[in-house]
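I would like to see how this sequence folds:
(4 chains)
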There are 2 protein chains.
Amino acid sequence: MIDVARKAGVSRATAARALGGYGRVSAATIAVVRTAAEEVGYRPNELARSMITGRTRTIGVVISDIENQFFTRVLRGASDVVRDHGYDLLLANTDEDAVAERQMVRVMNGKQVEGLIVCPVDPDEVDHLAETLSAGRPVVLIDRTVTALQLDSVGVDNRRATHDAVSRLISRGHRRIGIISGVQPRFLARALRQESSEPAPGETPSEGRLVGYCQGLREAGLGVDEALVVDGGFHSDQARQAARDLLSIPDRPTALLTTDSLLTISALQAIRNLGLKCPQEVSLLGFDDADWASLVEPPITVISQPAYEIGARAAEFLLARIADGGAASQTVQLPTTLIERGSVATIGPA
Amino acid sequence: MIDVARKAGVSRATAARALGGYGRVSAATIAVVRTAAEEVGYRPNELARSMITGRTRTIGVVISDIENQFFTRVLRGASDVVRDHGYDLLLANTDEDAVAERQMVRVMNGKQVEGLIVCPVDPDEVDHLAETLSAGRPVVLIDRTVTALQLDSVGVDNRRATHDAVSRLISRGHRRIGIISGVQPRFLARALRQESSEPAPGETPSEGRLVGYCQGLREAGLGVDEALVVDGGFHSDQARQAARDLLSIPDRPTALLTTDSLLTISALQAIRNLGLKCPQEVSLLGFDDADWASLVEPPITVISQPAYEIGARAAEFLLARIADGGAASQTVQLPTTLIERGSVATIGPA
DNA sequence: TTCCTCAGTGAGATCGTTCTCGCAACGTGC
DNA sequence: GCACGTTGCGAGAACGATCTCACTGAGGAA
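Predicted structure coming up:
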């Protein structure tokens, strides 16, 4: 930059003004400085620029599993939106590790990101997010929410989604409906007490989906059979075993609900391993419309989340807050859609 | 930081030394400064730190399609490795747009990344990469290579992979083998002239795979029938149509090779739409082991790329170069593996 | 002419760190 | 007691940009 100024025969200040496009500079000077910059091969140092302007045009994204298609689609949505506004993404993958999440958020704050999009691992551990906020940087949550902080969040209405799905299964004649979800069995008691269709603060998507399942059954006057509610955990082995167990009980469910795509795969594999016919012997209704869902036999009926939209909206919220700060925090629940394919059978009246 | 120094009753320099862990400070002072920092809630500004040290501990990743499972796995590999070395990732998605790629690389350079992992859109357009290099920042290529620059690159031996796949099909009795790839038909003439098993500089993966296909046929003394080589393009509609056309010619191929997972999906759909039985009437052999490949009926036999490894190795190369600069550029080709499942039939001797 | 405004410019402060230097205090060896 | 290395610390420069302010000269109004 000092070379550019010398070559153009002006002061550093003027050269900077000409290239940075701020302050007052004559058109003639701009031209001279521009060509000088060209010759010298000048590349601005955004770090130095950021130091003084306080703007890095970088936003941090912290997600739990980058290999999950749901998150990559969210990421794509966010990426497209921020790019349109001249921002870049600093990416971190937590792998569901709360300690790692804290550390990554801290590092991002150190790097002066202007805001954070986070899918928090633990709804109750929010010190790092509170810190971010108190540093004047907005935080937008995706997919999940937290208890102790009032934050913008973008997700779906999990209770409604599974509630509707259960209702649909019931209308198709199903009475014994199993659910494989990623929640501890002891949560079931609490789920059964939930009356509201509003999600509880800090409720995980899995929990919300279990609640919706209970509510759907109750609405139809059916009870919740605890034997039909199983924990699929986080790994496919565990999920497959859970599905196999559930399908091996004497009074087997006629339909299975799975609360994420990994569980859906595992359930499908279990069904096949047991030699059961889907949907004739067991119906399957999954969460998330992965690309393979329409490819397998039978094509899977799913509850589809607008993942791209979630990412895009989250980014828009964040940018809006970066722009004008204020405004009360808002929780947006985007609509899910039930995509009927071939994995749900109609059962004649018993 | 100035507050911390005041609170601790030392100079800014000493406070900085105590917290930054450099220079000489007494243990007692460190303790005092630490607690002062704690009370004040001091968070270091990495930007300022980077300004003077010249190290940002950030590396840029530029890929073409973040929603492609191959790239997300590559990304995961790179992410894990750089994280272990205390680095972060700045991510950009080009969507196969060369102009966007140039701009993103420039921005990343502006943000002073310490190096770049790039999957370049155009092998001949490398000005932005040359600029990066001349700024003293290493560049490692993944999946693809470029013509005009000597750069580290990590990928697979595409010629060998399809060559072997074709040989396998031939050993299973196939003679008419079709290929759906993402290359212009006019490239075929050039592909046919390739003798070497070494990839040509700037050759795209699709092109390399087509060359390997030709070489595999030639090795078995079979000619390449131009009617069996079709361009699947980049979109699923076009790919499906291409597959449908190929399977509708009078002397239909008995086996189909597809050079990426999108093309494999499209081919599978076309096979089903035409009411053909796989593998009895048409065998299918795809590239890339997506999660659905083992789930569909029949499970697809694929050439699997070590995507995670590619990302991890690329990151390791980059970090090594950041650490000591020199060393001649190296091209690493990781081994592919042919995973046999159920989509390839054995044909009896005609 | 005189005064005022304002476009264009340069000098120097500034952002928040690290780095370079100099200085004082403290052994230690002779 | 003197020279010397070492430890601990502070003052100020440095990184590369932007921002503030004061200055000059041109143009317009009285």
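
where does the stretch 251-350 of chain A dip in pLDDT?
Residues of the stretch 251-350 of chain A that meet the criterion pLDDT under 70 lie in A:349-350.

for burial, what's the neighbour tally of the residue of it found nearest chain B?
Closest contact between the stretch 251-350 of chain A and chain B, by C-beta to the nearest C-beta, is at residue A:292 (2.9 Å). Just so you know, the C-beta spots here come from the backbone N, C-alpha and C atoms, and that holds for glycine as well. Residue A:292 sits with 22 neighbouring residues when counted by other C-beta atoms under 10 Å in any protein chain shown.

hmm, it is touching residue B:291, no?
Yes - shown here, residue A:292 and residue B:291 form a contact pair, counting by C-beta atoms under 8 Å, at 6.7 Å.

the residue of the stretch 251-350 of chain A closest to chain B: which element?
Using DSSP states H and E, residue A:292 is not contained in any helix or strand.

now do the helices in chain A.
A:2-8, A:12-20, A:27-40, A:46-53, A:69-84, A:98-110, A:127-134, A:158-171, A:187-193, A:205-219, A:236-248, A:261-273, A:307-324 (DSSP state H).

okay, those in a markdown table with mean neighbour count and distance to residue B:144 next?
Output for the helices of chain A, formatted as a markdown table (neighbours: other C-beta atoms under 10 Å in any protein chain shown; distance: least, C-beta to C-beta, whole Å):
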| stretch | mean neighbour count | distance to residue B:144 |
| --- | --- | --- |
| helix A:2-8 | 17 | 35 |
| helix A:12-20 | 18 | 34 |
| helix A:27-40 | 15 | 30 |
| helix A:46-53 | 16 | 27 |
| helix A:69-84 | 22 | 20 |
| helix A:98-110 | 19 | 30 |
| helix A:127-134 | 17 | 37 |
| helix A:158-171 | 22 | 41 |
| helix A:187-193 | 16 | 48 |
| helix A:205-219 | 24 | 37 |
| helix A:236-248 | 18 | 32 |
| helix A:261-273 | 23 | 30 |
| helix A:307-324 | 21 | 26 |
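
out of the ones you listed, flag the one nearest residue B:272.
Residue B:272 lies closest, by C-beta to C-beta, to one member of those: helix A:261-273, at 18.0 Å.

does the closest one reach chain B?
Yes - contact of helix A:261-273 with chain B is found when judged by C-beta under 8 Å from any C-beta of the partner chain, involving A:265, A:268, A:269.

on that earlier part again, any chance of the helices of chain A in a markdown table, plus distance to residue B:188?
Below are the helices of chain A laid out as a markdown table (distance: least, C-beta to C-beta, whole Å):
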| stretch | distance to residue B:188 |
| --- | --- |
| helix A:2-8 | 50 |
| helix A:12-20 | 49 |
| helix A:27-40 | 43 |
| helix A:46-53 | 45 |
| helix A:69-84 | 34 |
| helix A:98-110 | 48 |
| helix A:127-134 | 55 |
| helix A:158-171 | 49 |
| helix A:187-193 | 59 |
| helix A:205-219 | 49 |
| helix A:236-248 | 42 |
| helix A:261-273 | 38 |
| helix A:307-324 | 37 |
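
of the ones you listed, which approaches residue B:277 most closely?
Proximity to residue B:277, assessed across the helices of chain A by C-beta to C-beta, is greatest for helix A:261-273 (19.3 Å).

what's the closest one packed up against?
Contacts defined by 3 or more C-beta pairs under 8 Å, 6 or more residues apart in numbering or on different chains; DSSP states H and E place helix A:261-273 against strand A:177-181, helix A:236-248, strand A:255-258, strand A:283-287.

as CSV, could you dump the C-alpha coordinates of the lowest-mean-pLDDT helix or strand in chain A?
Within chain A, no helix or strand scores below helix A:2-8, which has a mean of 89 by mean pLDDT, DSSP states H and E. Written as CSV, here are the backbone C-alpha positions of helix A:2-8 (Å, rounded to 0.1, in the frame of the first residue of the first chain):
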residue,chain,number,x,y,z
ILE,A,2,2.9,2.3,0.8
ASP,A,3,4.4,1.3,-2.5
VAL,A,4,1.2,2.1,-4.3
ALA,A,5,1.1,5.5,-2.7
ARG,A,6,4.7,6.2,-3.7
LYS,A,7,4.2,5.0,-7.2
ALA,A,8,1.0,7.1,-7.6
